[in-house]
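Engineer: Following is a predicted model, sequence given first.
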Amino acid sequence: MPATLMLLLLVFGSIPAAFLPLAVGAVAVTGTTAILRALVIVTPVSAFALSLTTAVGLALAVDYSLFFVARYREETASGVSHDQALIRATCTAGRTVVVSAGIVAAALLGLLVFPLTLIRSLAIAGISVVLLAAIASLLIIPAALACFGERLASRDILARRRRSARSAARWLTLATAVMRRPVTVFALTSALLLLLALPFRDAVFSLSDERALPADSSIARDMQDLRTDFPQVGAEVDVVLPYWHPAGRDGAARLDAYARRLSGPTGVQGLRTATGTYLNGKPVGPLCVPSSDPAPKGPCHRAAAVHPADRHLAGHRLEARPYSPQRIDLLHSIRTQPGPTSAPSRWT
């Protein structure tokens with residue numbers, strides 16, 4: 001925090017002005033955190049969203065505060081009164097803040113397309129903090145300038161270095177050239193962006209694992225050896241049947257029929273449950289009838305007795321590589337199988 005305050009002091013030139021972005025950032029980050037807390041009730045939210053919220057919230061607070069303060073100082077330096085400088089700064093810098101926040105939020109909307117919790121969480125956090133930073137800037141900074149504007153302008157310790165006519169002329173020349181030929185500039189910048197995006201046309205988005213590392217790295221080699229020597233590691237999926245226990249012959253028959261359906265799709269190496277082991281839709285292991293007696297009477301019965309009475313587990317072993325499209329399609333086909341009861345099955 002002391003280093004941040006020193007940097008803000010160098011950028012804004014005075015202690016009162018340096019605290020403006022901190023106030024705006026605090027409001028934006030706090031509001032976004034409250035929004036994420038509410039969203040956790042209805043949808044998964046990644047923990048990384050909080051880190052993005054803090055970084056983006058403070059960065060935008062600095063930018064938006066600098067827009068207002070710099071514009072206000074320019075107006076007062078030209079001899080305009082305090083009230084008139086405040087009005088002009090709010091109109092011009094405020095419009096810049098609104099346009100900037102709208103463009104950034106619209107760009108982040110594209111991240112909602114990806115069906116990954118991490119990406120969607122970052123998009124939601126980014127959109128929320130951008131909009132809240134803009135709203136906080138439009139409300140807090142003009143009010144602060146109205147109360148302490150003259151003090152902010154008079155205590156600019158770097159005022160002499162800021163007033164560079166040559167630097168202002170360069171930016172004015174660039175802006176004038178862009179606005180004189182907007183269609184040409186738009187076409188050139190769009191072509192450049194498309195050229196930079198060409199390497200991503202064959203990109204495959206998935207969860208990160210050792211495949212993101214170079215093939216000759218030690219971690220990638222170790223994971224490849226692990227998958228080759230122990231293919232069952234990471235390839236099992238548990239199906240949870242809530243509020244149901246296969247007690248008696250009727251329950252065992254329904255679980256047996258359910259296990260036959262689940263072990264049928266191509267790519268399922270096997271299925272283990274209380275009624276036995278299944279492969280290709282057929283039982284290949286011992287078939288036993290679980291009862292309500294909690295005393296273990298054999299391996300199959302023990303498998304059923306170790307779980308609570310309100311649920312039961314069935315373990316799958318899948319051939320498809322984790323996070324691959326084939327595995328996703330396989331899991332989708334398995335999930336569509338009707339369960340032994342009306343209660344929906346759950347997956348781990």
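Structural biologist: Received it, and whenever you're ready, just let me know what you need.

Engineer: ok, residue 53 - how many residues close by?
Structural biologist: When counting by other Cβ atoms under 10 Å, one arrives at 25 neighbours for residue 53. In this view, the C-beta of every residue, glycine as well, is placed from N, C-alpha and C.

Engineer: Helices of the protein, start to end?
Structural biologist: Residue ranges of the helices in the chain, as given by DSSP state H, are 2-12, 15-39, 48-77, 82-109, 117-154, 159-162, 165-180, 182-197, 218-229, 248-262, 299-305, 325-335.

Engineer: Could you measure from residue 69 over to residue 95?
Structural biologist: Per Cβ to Cβ, to the nearest Å, residue 69 is found 16 Å from residue 95.

Engineer: out of these two, which sits in the busier spot?
Structural biologist: residue 69 (28 against 11).

Engineer: Check what pLDDT that one gets.
Structural biologist: Per-residue confidence (pLDDT) for residue 69: 86.

Engineer: Now it: closest residue in space that isn't a chain neighbour?
Structural biologist: Distances taken as Cβ to Cβ, 6 or more residues apart in numbering place residue 17 nearest to residue 69, at 5.3 Å, with adjacent residues excluded.

Engineer: Relative to residue 274, how far out is the residue lying closest to residue 277 once chain neighbours are set aside?
Structural biologist: Spatial nearest neighbour of residue 277, excluding adjacent residues (Cβ to Cβ, 6+ apart): residue 285 at 3.0 Å. Per Cβ to Cβ, residue 285 is found 11 Å from residue 274.

Engineer: Tell me which of those two has more neighbours.
Structural biologist: residue 274 (26 against 16).

Engineer: Just read off the phi/psi values of that one.
Structural biologist: When read as degrees, to the nearest 10, the backbone of residue 274 gives phi -70, psi -20.

Engineer: Pretty sure it sits against residue 254.
Structural biologist: No. Shown here, residue 274 and residue 254 do not form a contact pair, counting by Cβ atoms under 8 Å, at 11.6 Å.

Engineer: For residue 210, give me its contacts.
Structural biologist: Residue 210 makes contact with 217, 219, 220, 223, 224 under the criterion Cβ atoms under 8 Å, 6 or more residues apart in numbering.

Engineer: that older thread, got CSV for the helices of the chain, with distance to residue 278 too?
Structural biologist: Below are the helices of the chain laid out as CSV (distance: least, Cβ to Cβ, whole Å):
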stretch, distance to residue 278
helix 2-12, 61
helix 15-39, 40
helix 48-77, 40
helix 82-109, 45
helix 117-154, 32
helix 159-162, 76
helix 165-180, 68
helix 182-197, 47
helix 218-229, 24
helix 248-262, 5
helix 299-305, 13
helix 325-335, 13
